[in-house]
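A.B. asks: Using only what follows, build the 3D model:
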Amino acid sequence: FAGEIGLSGEVRSVNRIEQRIQEADRLGFRQIYISKYNTTGLDTSRYKIKIKTIGKVEELYRQVFE
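C.D. replies: Numbering: from 1, shown residues only. Reported below is the predicted structural model:
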């Protein structure tokens, strides 16, 4: 998971998302959850790791536990 969680449950964007994705990929993670606001200009095809986007914590919960 790479994001900042706000008080109302929104998942905010973080700085240097490309570096975070590359590091997770290098460490062998199969997927990473990032804020939907971090996807602007992000070329997801250059990573082997599966990138999932979320806007609220509820979405993360549904994707992981259901």
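A.B. asks: center of this protein, which residue is that?
C.D. replies: Using Cα atoms, centre = their mean, the residue of the chain that lies closest to the mean C-alpha position is I34, 1.4 Å off.
A.B. asks: Wait, that one touches I49, no?
C.D. replies: No - in this structure, I34 is not within contact of I49 by Cβ atoms under 8 Å, at 10.5 Å. For the C-beta atoms, the positions are set from N, CA and C on the backbone; glycine is no exception.
A.B. asks: what's the overlap in contacts for the two?
C.D. replies: Common contacts of I34 and I49, defined by Cβ atoms under 8 Å, 6 or more residues apart in numbering, comprise I21.
A.B. asks: This structure: strands as residue ranges?
C.D. replies: For the chain, the strands defined by DSSP state E cover 4-5, 11-12, 31-35, 50-54.
A.B. asks: neighbours around Q19, how many?
C.D. replies: Neighbours of Q19 under the rule other Cβ atoms under 10 Å: 10.
A.B. asks: quick one, what contacts it?
C.D. replies: Going by Cβ under 8 Å, 6+ apart, the list of residues near Q19 is empty.
A.B. asks: what about it, distance to G6?
C.D. replies: For Q19, the distance to G6 equals 22 Å [Cβ to Cβ, to the nearest Å].
A.B. asks: residues contacting F1?
C.D. replies: Applying Cβ under 8 Å, 6+ apart, the residues contacting F1 are 32-34, 60.
A.B. asks: any idea which of those has the most stuff around it?
C.D. replies: I34 (23 neighbours).
A.B. asks: and that one, what does it touch?
C.D. replies: I34 neighbours (Cβ under 8 Å, 6+ apart): 1-3, 14, 17, 20-21, 51-54.
A.B. asks: can you check I5 too?
C.D. replies: Per Cβ under 8 Å, 6+ apart, neighbours of I5: 11-12, 57.
A.B. asks: A24 now?
C.D. replies: Counting by Cβ under 8 Å, 6+ apart, the residues that A24 touches are 2, 32, 49.
A.B. asks: Let me know the closest of the residues you listed to E66.
C.D. replies: Nearest to E66 among the contacts of A24: I32, at 19.0 Å, using Cβ to Cβ.
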